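Novice: my questions are about this predicted structure, shown below with the sequence.
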Amino acid sequence: MRSRFIGILRGNLIAVIALPVALGGFAYANERNSVGGKKSKVPKVRTTTATMPAGQGVGVVRNCSGGETYLSGGYDAAPADAPAQPLNVSTAGPNFSGKKNKPIGFNFVAENTGTVEAPLAVYAVCMLK
């Protein structure tokens with residue numbers, strides 16, 4: 001029985017030593033605010049929803065909030081639970097500011113050429129500066 005226990009302990013010796021070292025390293029990093037602290041930046045998705053009436057055009061702009069930088073954007077005019085409607089898209093791209101001519105959001109302009117209203121979601125992916 002004793003030799004079996006020693007055999008198991010010897011086989012897991014590296015694991016027994018590695019576990020406290022790994023946990024100690026995480027505690028040290030977390031103490032210095034380097035794991036998930038205020039320094040980490042996570043992009044935010046800003047979304048605006050609208051309805052596109054049948055046979056009419058609509059324009060939707062979704063800008064980032066103050067203090068955020070625009071990264072990307074897009075639109076979804078055919079959610080999974082609704083049939084896609086034929087659209088005539090005239091503008092789908094970044095919305096530029098007047099002063100510095102930098103993108104601040106996403107601009108979408110289209111006409112719903114179908115016979116049923118279409119749900120629309122326009123989004124901008126933004127990052128804190």
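Specialist: Yep, it's here.

Novice: and after the lowest-mean-pLDDT helix or strand in the chain, which helix or strand comes next?
Specialist: In the chain, no helix or strand scores lower on mean pLDDT, DSSP states H and E than helix 13-31, which sits at a mean of 55. Toward the C-terminus, helix 13-31 is succeeded by strand 44-52 as the next helix or strand (DSSP states H and E).

Novice: quick one: contacts of that next one?
Specialist: Outside strand 44-52, the residues that touch it by Cβ atoms under 8 Å, 6 or more residues apart in numbering are 58, 60-65, 68, 77, 85, 87, 105, 110, 112, 117-128. In this view, the C-beta of every residue, glycine as well, is placed from N, C-alpha and C.

Novice: pull out the buried positions in it.
Specialist: Across strand 44-52, burial judged by 16 or more other Cβ atoms under 10 Å covers 46, 48, 50, 52.

Novice: that concludes my questions; thank you for your assistance.
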